[in-house]
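Engineer: need a structure here:
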Amino acid sequence: MADPSAPVPADVSPDSNPETAQAAEAAKGSGKTRQLLGMKGAGSGETSIWKIRLQLMKPITWIPLIWGVVCGAASSGGYVWSVEHFLAAAACMLLSGPLLTGYTQTLNDFYDREIDAINEPYRPIPSGAISVPQVVSQVLVLLGLGIGVAYGLDRWAGHEFPVVTVLSLGGAFLAYIYSAPPLKLKQNGWLGNYALGASYIALPWWAGHALFGTLNATVMILTLIYSMAGLGIAVVNDFKSVEGDQQLGLKSLPVMFGITTAAWICVLMIDVFQGGIAAYLMSIHQNLYAVLLILLIIPQITFQDMYFLRDPLENDVKYQASAQPFLVFGMLVTALALGHSGLV
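Structural biologist: Numbering: from 1, shown residues only. Coordinates of the predicted model:
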């Protein structure tokens, strides 16, 4: 019988096990995908400049903006299923997602390179994978392309006032003062997170609505209220950066109020303002949509209790993956209710 305490022969290693090697290769591939998407915890090591540029643009963050355009088109009541309208909506999604959100994320990484060196040193700029002049050129190109597409959409829609272009310029300016000194809104937990929430919910919604209908005060006010729920979502992202925020004096909500209190502020903002929107839908007799929205709030509360409130530092990503789909479908339910009501 072989001695179990005998040393393992030199030619036997985990790599010699096909299953172990396959698992390691799968993990490596998963890490590469996370890196390209710009997700938290993604490792470094990419050498392709185009993949590094894509990582700076954080494609994972484009999804809410693209969805916001869908909601705006739905709330306008003017979108019809035709090739022309589909292509116009796709161009607006390109504008809101890859171009202007890519611009925003690249700009944010540029101004956050010091704090990223503490919190996420594997990011492209602090790791030295891309030079500062290359980052600046990317910011300018994305901004220029975004404004160009916005102007083209205004021409297509026949706008006398270039509303999509103005919204794009306003969003670009908001992104700048969010990230750059001297204002650097992200230094203030309330202002910064609300600016982020409005950028992710209200601005693309307005663009989609204006493209196929007439943007009005009702839609703008309701989406700004919805952005208060977006403020809560934005706070979730602050928990991963507490250490660096404390060192650099950034007043995020977890730094100002502590982990537990900030977590409760976060979930209350998410739930209460969605509930307020449901109440409004009832007030305009869109009861079915109001009930659907309430049914979509319930699982969010469940996941808040299961994951986020118990350990926001450990479970922030798990909570977002579990709960946010219900929030974004709630946005679409609200948009369909507005479009169906004929009030907008």
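Engineer: switch to C-alpha atoms for all contacts and neighbour counts from now on
Structural biologist: Noted.
Engineer: return the set of buried residues in the helix or strand harbouring Tyr226.
Structural biologist: Tyr226 is part of helix 217-236, with elements assigned from DSSP states H and E. Across helix 217-236, burial judged by 16 or more other Cα atoms under 10 Å covers 219-220, 222-236.
Engineer: now the longest helix seen in the chain: mean pLDDT?
Structural biologist: Secondary structure of the chain read by DSSP state H shows that its longest helix is helix 312-341. Across helix 312-341, pLDDT averages out at 92.
Engineer: got the buried residues for it?
Structural biologist: Applying 16+ other Cα under 10 Å to helix 312-341 flags 312-313, 315-317, 319-320, 322-324, 326-340 as buried.
Engineer: that one to helix 217-236, inter-axis angle?
Structural biologist: Angle of helix 312-341 versus helix 217-236, following axes from the mean of the first three to the mean of the last three Cα atoms, to 10 degrees, is 170 degrees.
Engineer: which secondary structure elements does helix 312-341 contact?
Structural biologist: Judged by 3 or more Cα pairs under 8 Å, 6 or more residues apart in numbering; DSSP states H and E, the packing partners of helix 312-341 are helix 62-76, helix 259-283, helix 287-303.
Engineer: export those helices to JSON lines and tack on mean pLDDT, mean neighbour count and distance to Tyr111?
Structural biologist: Below are these laid out as JSON lines (pLDDT from 0 to 100; neighbours: other Cα atoms under 10 Å; distance: least, Cα to Cα, whole Å):
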{"stretch": "helix 62-76", "mean pLDDT": "95", "mean neighbour count": "26", "distance to Tyr111": "20"}
{"stretch": "helix 259-283", "mean pLDDT": "96", "mean neighbour count": "18", "distance to Tyr111": "25"}
{"stretch": "helix 287-303", "mean pLDDT": "97", "mean neighbour count": "18", "distance to Tyr111": "33"}
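Engineer: okay, those in CSV with distance to Ile118 next?
Structural biologist: CSV is the format used below for those (distance: least, Cα to Cα, whole Å):
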stretch, distance to Ile118
helix 62-76, 25
helix 259-283, 19
helix 287-303, 30
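Engineer: so which of the ones you listed gets nearest Gly249?
Structural biologist: Closest approach to Gly249 among those (Cα to Cα): helix 259-283, 16.2 Å.
Engineer: which other helices and strands contact the closest one?
Structural biologist: helix 217-236, helix 253-257, helix 287-303, helix 312-341.
Engineer: change it to 6 Å
Structural biologist: Judged by 3 or more Cα pairs under 6 Å, 6 or more residues apart in numbering; DSSP states H and E, the packing partners of helix 259-283 are helix 217-236, helix 287-303.
Engineer: and the angle from it to helix 287-303?
Structural biologist: Put simply, helix 259-283 runs at 170 degrees to helix 287-303, going by the same axes, to 10 degrees.
Engineer: surely Gly146 touches Pro98?
Structural biologist: No - if you go by Cα atoms under 6 Å, Gly146 and Pro98 don't touch, sitting 9.0 Å apart.
Engineer: between those two, who's got more neighbours?
Structural biologist: Neighbours per residue (other Cα atoms under 10 Å) separate Gly146 from Pro98, with Gly146 holding more: 27 against 23.
Engineer: point me to the helix or strand that includes the more buried one.
Structural biologist: helix 132-157.
Engineer: and that helix, what's buried?
Structural biologist: 135, 138-139, 142-143, 146-147, 149-154, 157.
Engineer: report all helices and strands that that helix contacts.
Structural biologist: Packed next to helix 132-157, using 3+ Cα pairs under 6 Å, 6+ apart, are helix 100-111, helix 163-179.
Engineer: buried deepest among these, which one?
Structural biologist: helix 100-111 (a mean of 24; mean count of other Cα atoms under 10 Å).
Engineer: so for that one, mean pLDDT?
Structural biologist: So the average pLDDT for helix 100-111 ends up being 96.
Engineer: what's in contact with that helix?
Structural biologist: Helix 100-111 is contacted by residues 56-57, 139, 142, 146, 175, 179 when judged by Cα atoms under 6 Å, 6 or more residues apart in numbering.
Engineer: now for those residues, which pair is the farthest apart?
Structural biologist: Gly146 and Ser179 (18.6 Å).
Engineer: tell me the spacing between Leu65 and Glu314.
Structural biologist: Distance, Leu65 to Glu314, using Cα to Cα, to the nearest Å: 26 Å.
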